[in-house]
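1. Just need the structure, nothing else, for what follows:
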Amino acid sequence: MNINAVVRSVQAALGVSVDGNPGPETWRAIHEKIVGKPVPKSAAFAGKADERSEKTIATLHPQVAPYARMLVERAAAANIEIKILSGTRTYAEQDALFAIGRTKEMNRRPVTNAKGGESNHNFGIAFDVGVFRGKDYLGDSPLYATVGAIGMDIGLEWGGQWESFVDMPHYQLRPDWSQGMSEREMLRELRARKASGKDAYAA
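-> Coordinates of the predicted model:
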């Protein structure tokens, strides 16, 4: 039995994203199909986020997108307004960010230590958030730590726990096959998958 094919068939029948990997969107649809009513609000998977966030979420891998929406929803339930500000980047876009504070815009601090192909953003599995108070963007706030706890609770890896480069707004969804791998090993495999056209979450 090909489990990936079975999952794809179930996803197609439920009318959700067909990728062969059961994420929050798939489980929500399964719950509603079997139970006959939506997931209770306390355990609900998010619908749509705000317009700005949705434009960014649209760039993410289909398996990651529901987690981004869920984080916006769970943060709102804690009276914290966040928006998804950065999603998938090309290698060229990543190189341009890496150049800030190094070879261009020398008056600024570096914003990333990752060149093109060295960031999870390059593979659609990572996103950055911003905390807002009304229309005001809060670049530095203790609320990022609260959101970080929420993110980890729903299964995301949070950049605020990194030691080499603490990245409070950053979240990513590690593929199952990467468990036990270092970040460098995982990125090497992601680059190979991107080059060959293999899905980032395929077994």
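
2. what pairs with the most centrally placed residue in the chain across the strands?
-> Centroid-nearest residue in the chain, with CA atoms, centre = their mean: residue 126, separated by 3.9 Å. In this entry, residue 126 is beta-bridged to residue 172, by DSSP bridges.

3. Per-residue confidence at it, what does it come out as?
-> We have a pLDDT of 98 for residue 126.

4. Next up, the contacts around it.
-> 64, 87, 119-120, 170-173 (CB atoms under 8 Å, 6 or more residues apart in numbering). C-betas here are computed from N, CA, C, even on glycine.

5. Would you pull up how far stretch 185-199 lies from the middle of the chain?
-> Here stretch 185-199 shows a centroid-to-chain-centroid distance of 17 Å under the convention CA atoms, centre = their mean, to the nearest Å.

6. List the buried residues in that stretch.
-> Neighbour-count burial for stretch 185-199 flags 186-187, 189-191, 193-194, 199 (criterion: 16 or more other CB atoms under 10 Å).

7. Among these, which lie within helices?
-> Of the positions in these, 186-187, 189-191, 193-194 sit in helices, assigned by DSSP state H.

8. Skip ahead from the worst-scoring helix or strand of the chain on mean pLDDT and say which helix or strand is next.
-> Lowest on mean pLDDT, DSSP states H and E among the helices and strands of the chain sits helix 24-35, with a mean of 65. For helix 24-35, the following helix or strand on the C-terminal side (DSSP states H and E) is helix 51-57.

9. As CSV, the buried residues of stretch 185-199 with distance to residue 179 and pLDDT would be great.
-> Shown next, in CSV, are these (distance: CB to CB, whole Å; pLDDT from 0 to 100):
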residue, distance to residue 179, pLDDT
186, 9, 97
187, 15, 97
189, 12, 98
190, 14, 98
191, 19, 98
193, 16, 98
194, 20, 97
199, 17, 97
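
10. Among those residues, pick out the one closest to residue 15, please.
-> Set against residue 15, the nearest of the buried residues of stretch 185-199 by CB to CB is residue 199 (20.1 Å).
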